[in-house]
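Peer 1: Provided below are the primary sequence and the corresponding predicted coordinates.
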Amino acid sequence: MSKSSPSKVIVIGAGIGGLTAGALLAKRGYEVIIFDRAIVPGGCASTFKRQGFTFDVGATQVAGLEPGGIHHRIFSELEIDLPAATPCDPACAVFLPGETTPINVWRDPVRWQAERQQQFPGSEPFWQFLQQLFNASWEFQSRDPILPPRNLWDVGQLVGALRLGTLITVPFTLSTVGDALKWFGLNRDKRLQTFLDLQLKLYSQVTAAETALLYAATALGVSQTPQGLYHLEGSMQVLSDRLVAALERDGGKLLMRHTVESIECDRDRAIGVTICNQKTGETWTETATEVVANVTAQDLVRLLGDAAPKSNPLPLLSLDSYRSRVKNLPQASGAFVLYLGVKDVAIPAECPPHLQFLYDYDGIIGENNSLFVSVSHPGDGRAPTGQATIIASSFVDPNRWYGQEVDYAALKAEYTATAIAKLGKYFDLSPENIIVTEVGTPRTFERYTGRERGIVGGIGQRVSTFGPFGFATRTPVARLWMVGDSTHPGEGTAGVSYSALTVVRQIEIG
């Protein structure tokens with residue numbers, strides 16, 4: 001069967017980017033229907049429950065709740081309340097190998113300045129330089145430029161966001177953090193280099209040597225007031241639940257357990273989306289005038305297949321060159337995530353909500369040599385009284401988890417035992433203190449999200465893939481849009497929400 005209407009929008013994927021785009025479009029009068037293969041909405045910002053514990057699947061902290069922040073702006077337009085949240089302070093406590101005192105990334109800018117001066121003597125000029133870039137970049141981004149631009153309207157929005165103060169960033173568009181460390185004579189400071197590698201890997205998916213300098217300035221600067229990171233009360237699911245409520249209030253529909261199998265273009269000036277109902281096995285084609293894909297660039301190419309039009313309705317980029325660019329992207333990361341429900345005696349007194357551990361200077365960042373850890377606190381809705389959750393994640397090579405020669409159960413057991421042993425150096429993880437153990441691997445994330453090989457975090461924010469050189473929300477196929485962590489400005493609930501707002505603005509101008 002086939003269905004269509006003049007102002008109908010299909011959204012593929014109910015992650016935060018897809019839900020935000022859908023809710024905003026429904027509020028503005030469009031007929032919206034969202035399809036997602038998972039059981040619950042939210043994508044990497046969803047949750048699952050085990051024995052009374054609520055675990056955040058992926059994302060564990062939120063930016064953009066402050067006045068003027070992207071979530072604040074979007075929730076205000078949707079006329080719904082922001083979820084209750086507590087500031088993360090410190091935003092993260094970073095433990096370097098062999099050290100028992102962490103580097104605390106404090107929310108207060110003055111306190112953070114004192115911390116970094118103590119931890120990294122002689123580095124203050126570097127940090128002040130980053131702050132200058134952050135201030136200029138933040139003001140520029142707050143004026144809603146379209147990056148990268150793909151038509152004259154996009155260019156107009158980009159030019160309209162420029163100010164004299166923005167020009168300070170232009171000479172550094174092609175620079176990396178590694179370059180900046182050399183300029184300030186800090187490239188041999190092992191502790192500083194390692195700290196930056198750990199923090200930037202969380203946001204940019206690559207280390208300091210490769211991370212685009214302008215992206216790093218924002219990623220490293222957003223933890224302090226007047227911005228800041230937040231821990232949602234209840235769970236990360238609260239964010240998506242409120243977006244779903246706004247979507248449905250305004251007539252939009254959300255269908256879970258529905259897999260999108262392909263995208264077909266040029267169907268009487270509409271786009272066809274082939275969908276399978278996982279419960280019944282029914283397959284049909286739904287058509288719409290616009291399609292918003294909350295998927296990775298790799299999965300967008302897969303969904304388009306070979307039948308998509310070869311001609312390009314937009315300047316600067318052909319579909320064939322788009323396919324080629326995606327094919328030649330460096331390998332994206334997968335994730336190993338350990339979810340523990342524990343007795344609260346396992347948690348040290350005054351434990352920060354987020355911690356980062358590196359265990360060996362000579363090892364890589366990831367593969368259980370580094371762990372990013374999120375810890376619940378009493379009354380935040382994630383654990384029963386007297387208990388707590390610990391979520392520890394590590395980047396991994398997704399290819400290692402696939403293939404006939406892989407003993408998947410043994411590999412999962414190995415990673416689990418190693419992670420628990422390493423976490424046990426900080427937490428009391430004796431067997432009697434562990435109540436629940438769950439594990440997520442690249443295979444797990446592929447199963448529930450549909451992402452090829454379960455990749456996480458989007459496209460690494462190298463110079464070649466950031467800002468003006470990144471993947472646009474406009475695709476080479478007319479009326480087909482992409483939101484999410486493959487597009488500017490990158491990963492995180494704030495980043496993907498910004499891409500959703502960009503797409504809504506572009507759809508509205510026609």
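Peer 2: That came in fine, so what should we check first? Please read these numbers as outputs of a predicted model, since none were measured by experiment.

Peer 1: Where does residue 218 fall, secondary structure wise?
Peer 2: Secondary structure assignment for residue 218, by DSSP states H and E: helix 213-221.

Peer 1: Run through the neighbouring helices and strands of that helix.
Peer 2: Packing contacts for helix 213-221, counted by 3 or more C-beta pairs under 8 Å, 6 or more residues apart in numbering; DSSP states H and E, involve helix 124-141, helix 177-183, helix 190-204. Glycine gets a C-beta too; all of them are placed from N, C-alpha and C.

Peer 1: I'd like those helices as CSV, with mean pLDDT, distance to residue 15 and mean neighbour count appended.
Peer 2: Shown next, in CSV, are the helices and strands packed on helix 213-221 (pLDDT from 0 to 100; distance: least, C-beta to C-beta, whole Å; neighbours: other C-beta atoms under 10 Å):
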stretch, mean pLDDT, distance to residue 15, mean neighbour count
helix 124-141, 97, 21, 17
helix 177-183, 98, 28, 18
helix 190-204, 97, 17, 21
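
Peer 1: coming back round to it: what residues does whatever helix or strand comes next after the helix holding residue 218 touch?
Peer 2: Using DSSP H and E, the helix or strand that follows helix 213-221 in sequence is strand 229-232. Outside strand 229-232, the residues that touch it by C-beta atoms under 8 Å, 6 or more residues apart in numbering are 60-63, 65, 83-88, 91, 107, 222-223, 238-239, 353-354, 377, 380.

Peer 1: Now do the helices in the protein.
Peer 2: Secondary structure of the chain by DSSP state H: the helices cover 16-27, 70-78, 109-119, 124-141, 152-160, 177-183, 190-204, 213-221, 237-249, 297-304, 319-327, 408-423, 442-449, 493-509.

Peer 1: winner for burial among these?
Peer 2: Among the helices of the chain, helix 16-27 has the highest mean neighbour count (mean count of other C-beta atoms under 10 Å), at a mean of 30.

Peer 1: which other helices and strands contact it?
Peer 2: By 3+ C-beta pairs under 8 Å, 6+ apart, helix 16-27 packs against strand 8-12, strand 31-35, helix 70-78, helix 237-249, strand 290-293, helix 493-509.

Peer 1: Present these as CSV; the columns should include distance to residue 210 and mean pLDDT.
Peer 2: Listed next are those as CSV, based on distance: least, C-beta to C-beta, whole Å; pLDDT from 0 to 100:
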stretch, distance to residue 210, mean pLDDT
strand 8-12, 30, 97
strand 31-35, 34, 98
helix 70-78, 26, 97
helix 237-249, 30, 97
strand 290-293, 27, 97
helix 493-509, 18, 96
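
Peer 1: Dump those into JSON lines; add distance to residue 487 as well.
Peer 2: Compiled in JSON lines, the helices and strands packed on helix 16-27 are given as follows (distance: least, C-beta to C-beta, whole Å):
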{"stretch": "strand 8-12", "distance to residue 487": "14"}
{"stretch": "strand 31-35", "distance to residue 487": "18"}
{"stretch": "helix 70-78", "distance to residue 487": "14"}
{"stretch": "helix 237-249", "distance to residue 487": "18"}
{"stretch": "strand 290-293", "distance to residue 487": "10"}
{"stretch": "helix 493-509", "distance to residue 487": "4"}
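
Peer 1: Which one of the ones you listed lies nearest to residue 361?
Peer 2: The closest of the helices and strands packed on helix 16-27 to residue 361 is helix 493-509. By C-beta to C-beta, the value is 30.2 Å.

Peer 1: which outside residues touch stretch 333-340?
Peer 2: So stretch 333-340 is in contact with 50, 55, 57-58, 205, 366, 368, 389-398, 401, 415-416, 419-420, 423, 429, 434, 436-442, 445, 453-457, going by C-beta under 8 Å, 6+ apart.

Peer 1: Just the buried ones from the residues you listed?
Peer 2: 55, 57-58, 205, 366, 368, 389-396, 398, 401, 415-416, 419-420, 423, 429, 434, 436, 438, 440-442, 445, 453-457 (16 or more other C-beta atoms under 10 Å).

Peer 1: Out of the helices and strands packed on helix 213-221, which is closest to residue 410?
Peer 2: When the helices and strands packed on helix 213-221 are compared (using C-beta to C-beta), the closest one is helix 190-204, at 26.9 Å.

Peer 1: So which elements touch that closest one?
Peer 2: Secondary-structure packing of helix 190-204 (3+ C-beta pairs under 8 Å, 6+ apart): strand 92-95, helix 177-183, helix 213-221, strand 354-358, strand 370-375.

Peer 1: Throw the ones you listed into CSV and include distance to residue 74, thanks.
Peer 2: As requested, those are exported to CSV (distance: least, C-beta to C-beta, whole Å):
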stretch, distance to residue 74
strand 92-95, 25
helix 177-183, 30
helix 213-221, 19
strand 354-358, 24
strand 370-375, 24
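
Peer 1: Which among the helices and strands packed on helix 16-27 is found nearest to residue 101?
Peer 2: helix 493-509 (30.3 Å).

Peer 1: Pass me the low-pLDDT residue ranges in the chain, would you?
Peer 2: When residues are selected by pLDDT under 70, those of the chain lie in 1-6, 266-269, 307-317.

Peer 1: now with 90?
Peer 2: 1-7, 44, 58-59, 265-270, 306-321, 404, 449-450, 457, 478, 510 (pLDDT under 90).

Peer 1: Now stretch 256-271 - C-alpha only, PDB.
Peer 2: Extracted C-alpha coordinates of stretch 256-271, given in PDB (Å, rounded to 0.1, in the frame of the first residue of the first chain):
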ATOM      1  CA  MET A 256       8.300   1.500  17.500                       C
ATOM      2  CA  ARG A 257       9.300  -2.000  16.400                       C
ATOM      3  CA  HIS A 258       9.200  -0.900  12.800                       C
ATOM      4  CA  THR A 259      12.400  -1.400  10.700                       C
ATOM      5  CA  VAL A 260      13.100   0.800   7.700                       C
ATOM      6  CA  GLU A 261      14.600  -1.400   4.900                       C
ATOM      7  CA  SER A 262      15.200   1.100   2.100                       C
ATOM      8  CA  ILE A 263      14.600   4.600   0.800                       C
ATOM      9  CA  GLU A 264      13.300   5.100  -2.800                       C
ATOM     10  CA  CYS A 265      13.400   8.500  -4.500                       C
ATOM     11  CA  ASP A 266      11.600  10.100  -7.400                       C
ATOM     12  CA  ARG A 267       8.200   8.500  -6.700                       C
ATOM     13  CA  ASP A 268       6.000  11.200  -8.300                       C
ATOM     14  CA  ARG A 269       8.000  13.900  -6.500                       C
ATOM     15  CA  ALA A 270       7.700  12.000  -3.200                       C
ATOM     16  CA  ILE A 271      10.200   9.800  -1.400                       C
END
